[in-house]
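J.: Pasting the sequence and the predicted model now:
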Amino acid sequence: MSEYSAVKSSKLVLKGENSSGSKRKHKKHKKEKDSKRTRVEVDEDALKHGGWWKVAKVTEMTGSVAIQFGKRAFVKALDNGLFTLGAPHDEGDGPDPEEIFTAVAINEEKVAFKSGYGKYLKAEKDGVITGRSDAVSAVEQFEPVFQNGKMALLAVNGCFISVDPEDDAVVAIKKKVGENEICIIRSCAVREQKNTKEVAVEEEGDLDQVEINYVKKFQKFQDKKLRVNTEDKATLKKAKVEGVLHEALLDRRSKMKADRYCK
């Protein structure tokens with residue numbers, strides 16, 4: 001049985017928050033929770049590849065990875081120790097088991113790849129990439145080179161990995177990066193929810209609507225008239241970029257009369 005049977009692919013799992021605590025605490029903070037919504041920035045690119053997300057730095061190359069060339073096509077290991085480019089996948093599908101490798105970080109600049117057959121990849125003298133090594137030496141190390149949002153893999157022979165257009169063999173024979181040398185490393189490891197943030201309902205919409213929302217929340221409507229600060233909104237634009245929009249809105253409201261919560 002192929003050792004690939006032991007390889008499992010999985011879709012991207014976002015780490016969520018466990019809600020715990022007594023019913024009493026939940027009731028106490030219900031109003032506060034209802035005033036905020038959790039906004040998660042979905043990785044559309046990862047969804048198109050079965051949850052496998054695009055690696056952006058060497059330190060992210062660890063565990064199960066796939067090496068993509070072209071549109072949704074991945075490097076595939078053969079049982080003879082050679083590699084080829086697998087057939088393109090449908091949108092939403094991840095790599096096949098034979099297309100999954102284990103990335104092993106060597107240092108902050110280099111990484112090694114082990115196929116599902118338990119062998120490490122290396123560049124032979126003729127530039128052909130093989131997977132027949134049982135251990136990692138200098139020839140089994142690759143250097144990911146990032147530039148302008150793109151990446152190429154530099155082998156020990158000073159050439160970049162590509163796929164031979166004639167027979168789809170994986171080789172390292174070009175010393176300069178062209179379109180054929182551009183590749184993507186994808187990972188299925190769980191990522192921290194860095195792009196998740198709680199956003200107050202009042203801060204949704206454009207700046208004009210946001211300020212009106214705050215006026216409605218904090219102003220006492222004794223005469224039923226809406227009073228909005230007419231000063232230039234340049235400070236609000238700057239505050240939004242700096243992440244201090246809430247404080248800036250309160251400062252603007254503090255200049256108006258009949259506020260409940262502003263100084």
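T.: Thanks, I have it. Quick caveat, the model's predicted, so the values are computed rather than measured.

J.: ok, what's across the strand from the nearest residue to N157 once chain neighbours are set aside?
T.: Spatial nearest neighbour of N157, excluding adjacent residues (C-beta to C-beta, 6 or more residues apart in numbering): A123 at 4.9 Å. From N, CA and C alone the C-beta is placed, and that goes for glycine too. Under DSSP bridges, the beta-bridge partners of A123 are I129.

J.: my read: A123 touches V139, true?
T.: Yes. Contact status for A123 versus V139: in contact at 6.6 Å, counting by C-beta atoms under 8 Å.

J.: The residue nearest to N157: neighbour count?
T.: 25 (other C-beta atoms under 10 Å).

J.: got it, and L85?
T.: For L85, the count of nearby residues is 22 (other C-beta under 10 Å).

J.: Let me know the pLDDT of it.
T.: Per-residue pLDDT puts L85 at 96.

J.: What residues does it make contact with?
T.: Neighbouring residues of L85 by C-beta atoms under 8 Å, 6 or more residues apart in numbering: 69-70, 73-76, 163, 168, 170.

J.: same deal with Y120?
T.: Y120 makes contacts with 112-114, 131, 133-136, 140, as judged by C-beta under 8 Å, 6+ apart.

J.: cool, and I184?
T.: Residues near I184 by C-beta under 8 Å, 6+ apart: 54-55, 67-69, 151.

J.: same thing with T62?
T.: 103-105, 187, 189.

J.: same thing with G158?
T.: By C-beta under 8 Å, 6+ apart, the contact list for G158 reads K175.

J.: what about stretch 62-71, average pLDDT?
T.: So the average pLDDT for stretch 62-71 ends up being 95.

J.: Return the set of buried residues in that stretch.
T.: Residues 64-69 are the ones in stretch 62-71 that count as buried (16 or more other C-beta atoms under 10 Å).

J.: before we move on, what about stretch 142-162?
T.: 142-144, 151-157, 159-162.

J.: and of these, the nearest to A248?
T.: A248 has its nearest neighbour among these in M151, at 39.3 Å by C-beta to C-beta.

J.: So that closest one versus A138, what's the distance?
T.: Distance, M151 to A138, by C-beta to C-beta, to the nearest Å: 21 Å.

J.: what's the answer for T235, then?
T.: Distance of T235 to A138, computed by C-beta to C-beta: 57 Å.

J.: cool, and K150?
T.: From K150 over to A138 (counting by C-beta to C-beta), the distance is 26 Å.

J.: Check A234 too.
T.: 57 Å.

J.: Distance check, the closest residue in space to F142 that isn't next to it in sequence against K114.
T.: In space, and not counting its chain neighbours, F142 is closest to L153: 4.9 Å by C-beta to C-beta, 6+ apart. To K114, L153 is 15 Å away according to C-beta to C-beta.

J.: One more: D79?
T.: Distance from D79 to K114, counting by C-beta to C-beta: 15 Å.

J.: And for P95?
T.: Here the criterion is C-beta to C-beta. By it, P95 lies 15 Å from K114.

J.: I'd assumed V104 was in contact with V136.
T.: Yes. If you go by C-beta under 8 Å, V136 and V104 touch, sitting 6.8 Å apart.
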